[in-house]
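# Provided below are the primary sequence and the corresponding predicted coordinates.
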Amino acid sequence: MRALVWHGKEDIRCDEVSDPEIQDDRDAIIKVTSCAICGSDLHLFHNLIPAMLPGDIVGHEMMGEVVEVGRGAAGALQKGDRIVVPFTIYCGECDQCRRGNFSVCERSNRNARIQENVFGHATAGLFGYTHLTGGYPGGQAEYVRVPFADRTHIKVPDSLSDEQVLFLGDILPTGWQAAVQCDIKPTDTVAVWGCGPVGQMAIRSAVLLGAKQVIAIDRLPERLGMAAAGGAVAINFDDESVIERLDELTGGKGPDACIDAVGMESHVGFAQPDTVYDRAKQMMMLENDRGHVLREMIYVCRPAGVISIPGVYSGLVDKIPFGLAMNKGLTFRMGQTHVNRWTEGLLKLIEDGLLDPSFVITHTASLEDGPEMYPLFRDKRDQCVKVVLKP
């Protein structure tokens, strides 16, 4: 089969690889009908996440048709079922899964001992996302093996298009969880840093959850326009001070909740001293992540407010004003998404016409064109916000 394969920094190729096979009774094989490039994939593209190996198949946003089912998954799935595959692999039986904390499943990471040395405790297995999270082949491919498939799936009706439901596997529940973590009240202002795909979903989620005001912060007009269309007040940080504008919009109180939909590759050019500091330390391998957004959120967030972090971080980040956060009484909530905790309700919103996640798609391409789409997506060329690939 054809698949997008990691060969090193900024080197993704469309290769011929072996077809996946059933390895466990709870496995299923799906024929991928749609997959997508995620912002998290760019961290792999830039080789900023450890434990990728040449030959690894990338991608964790995918859906398709079930073509083979192991005996242990046959009660939940059958050939011909149309499913979205969540990026988090979960067993459904361990203590964390019973609590609904699917992204920290205690059984699905087959390289748990390796990750324990780095994290202290292992988290769930993830598709196409380094050997620290299991080394599972990803879904930017013609076929993919789904472990624990009796649980790790989302059945979707034929009445909805791939484009409407594909993002149930990652960016939609990620944006929703980010907003839910804010404990939004009808009087709240929620500010979202980053208007990429996750940021767009967080904005619409905050609106649906009843926020009085949602503020979107970015620099690209097409992304800010998309955010405004979803009900947000837009701030272009190239044109105005984020701090001053937030003060104006909140009567000097600051946002009640702040969402970091940017993560480890935060950048605002070289306009501010801390961005120069971060880039220099990262180049010298003295720091993993660039923390400008985290610092700014801690500074502007209203005392007793919430910092919600769906953006991915990989390791060490420097000069975080933790004393300021402690004295302001801020609550931090973060983590990989517990996808299936949210999907039943989100699917109903889509079926009822209250939410159509396909608005975020700007580019559709073939799997063979995937290697060219990675730098296009990274550089935001051609007003690119989200790329969907068709194997």
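In hand now; what should we look at? Residues are numbered from 1 along each chain as shown.

# which stretches of the stretch 51-200 of the chain have low pLDDT?
Low-confidence segments of the stretch 51-200 of the chain, defined by pLDDT under 70, are absent.

# ok, which stretches of it are strands?
56-57, 61-69, 82-85, 88-89, 125-126, 143-146, 154-155, 189-193 (DSSP state E, counting those that start in this stretch).

# So for residue 232, which of the ones you listed sits nearest?
If you check each of the strands of the stretch 51-200 of the chain against residue 232 by C-beta to C-beta, strand 189-193 wins as the nearest, at 7.2 Å. Just so you know, the C-beta spots here come from the backbone N, C-alpha and C atoms, and that holds for glycine as well.

# which other residues reach that closest one?
179, 182, 184, 199, 202-203, 206, 211-218, 227, 232, 246, 249-250, 255-262, 293, 296-297, 300 (C-beta atoms under 8 Å, 6 or more residues apart in numbering).

# now those: which count as buried?
179, 182, 184, 199, 202-203, 206, 211, 213-218, 227, 232, 246, 249-250, 255-262, 293, 296-297, 300 (16 or more other C-beta atoms under 10 Å).

# residue nearest the centroid of this protein?
residue 171 (5.0 Å; C-alpha atoms, centre = their mean).

# ok now do the closest residue to it other than its chain neighbours, which residues does it touch?
Once flanking residues are discounted, residue 171 sits nearest to residue 197: 4.7 Å by C-beta to C-beta, 6 or more residues apart in numbering. By C-beta under 8 Å, 6+ apart, the contact set of residue 197 is 38-39, 167, 171, 360, 385-386.

# So which of those residues belong to strands?
Among these, DSSP state E puts none in strands.

# and which of those residues is nearest to residue 139?
Nearest to residue 139 among the contacts of residue 197, with distances taken as C-beta to C-beta, is residue 38, at 10.6 Å.

# burial count for the closest one?
Residue 38 has 29 neighbouring residues, counting by other C-beta atoms under 10 Å.

# Distance of it relative to residue 140?
10 Å (C-beta to C-beta, to the nearest Å).

# Report pLDDT for residue 209.
At residue 209, the model reports a pLDDT of 98.

# From what I see, it and residue 180 are in contact.
Yes: the pair residue 209 / residue 180 is scored as a contact, 7.0 Å apart, by C-beta atoms under 8 Å.

# Let me have the contacts of residue 197 in CSV, adding distance to residue 161 as columns.
Output for the contacts of residue 197, formatted as CSV (distance: C-beta to C-beta, whole Å):
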residue, distance to residue 161
38, 19
39, 23
167, 12
171, 16
360, 14
385, 18
386, 15
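
# Just tell me which of the strands of the stretch 51-200 of the chain ends up closest to residue 27.
The closest of those to residue 27 is strand 143-146. By C-beta to C-beta, the value is 5.8 Å.

# Which other helices and strands does the closest one contact?
strand 28-37, strand 61-69 (3 or more C-beta pairs under 8 Å, 6 or more residues apart in numbering; DSSP states H and E).

# what comes up buried for the first one?
The reference is to strand 28-37. Neighbour count says strand 28-37 has 28-30, 32, 34-37 buried, by 16+ other C-beta under 10 Å.

# Out of those, which is nearest to residue 154?
Taking these together and measuring to residue 154 by C-beta to C-beta, the closest member is residue 30, at 11.8 Å.

# now residue 325: how far from residue 259?
16 Å.

# how close does residue 14 get to residue 386?
20 Å.

# Counting neighbours, go ahead and name the busier of those two.
Comparing residue 14 with residue 386 by other C-beta under 10 Å, the one with more neighbours is residue 386, at 24 against 19.

# Can you report phi and psi for the more buried one?
Main-chain torsions, residue 386, degrees, to the nearest 10: phi -150, psi 130.

# per-residue pLDDT, it?
pLDDT, residue 386: 98.

# Report the contact partners of it.
Neighbour list for residue 386: 36-37, 171, 197, 360-363, 377 [criterion: C-beta under 8 Å, 6+ apart].

# Identify, from those, the entry nearest to residue 344.
residue 171 (17.3 Å).

# related to what we said a few turns ago, pull up the gap between the residue nearest to residue 171 and residue 125, please.
23 Å.

# next one: residue 350
Applying C-beta to C-beta to residue 350 and residue 125 gives a distance of 27 Å.

# Those two: which has the busier surroundings?
More neighbours surround residue 125 than the other of residue 350 and residue 125, with 27 against 20 (other C-beta under 10 Å).

# which residues does that one form a beta bridge with?
With DSSP bridges applied, residue 125 shows beta-bridge pairing to residue 89.

# Could you tell me how far it is located from residue 384?
30 Å.

# about what we covered before: what touches both of residue 38 and residue 140?
residue 59.

# quick one, domains of the chain?
By the assignment in automatic domain parsing, the chain contains the domains 2-170+338-390, 172-334.

# Between the two ends of the shortest one, what distance do you get?
Distances were taken as C-alpha to C-alpha, to the nearest Å; on that basis the terminal residues of domain 172-334 are 16 Å apart.

# how far out from the middle of the chain is it?
How far domain 172-334 lies from its chain's middle: 15 Å, per C-alpha atoms, centre = their mean, to the nearest Å.

# Counting neighbours, what do you get for residue 80?
Neighbours of residue 80 using other C-beta under 10 Å come to 8.

# show me the contacts for it.
Applying C-beta under 8 Å, 6+ apart, the residues contacting residue 80 are 65-66.

# Check for me that residue 346 belongs to a strand.
No: per DSSP: H, G, I helix; E, B strand; the rest coil, residue 346 lies outside any strand segment and is helix.

# Could you pull out the helices in the protein for me?
Using DSSP state H, the helices of the chain run over 39-45, 95-98, 112-119, 162-165, 171-180, 197-208, 221-229, 242-249, 273-283, 292-300, 322-328, 339-351, 370-379.

# For residue 4, find the nearest of the ones you listed.
Closest approach to residue 4 among those is made by helix 370-379 (4.7 Å; C-beta to C-beta).
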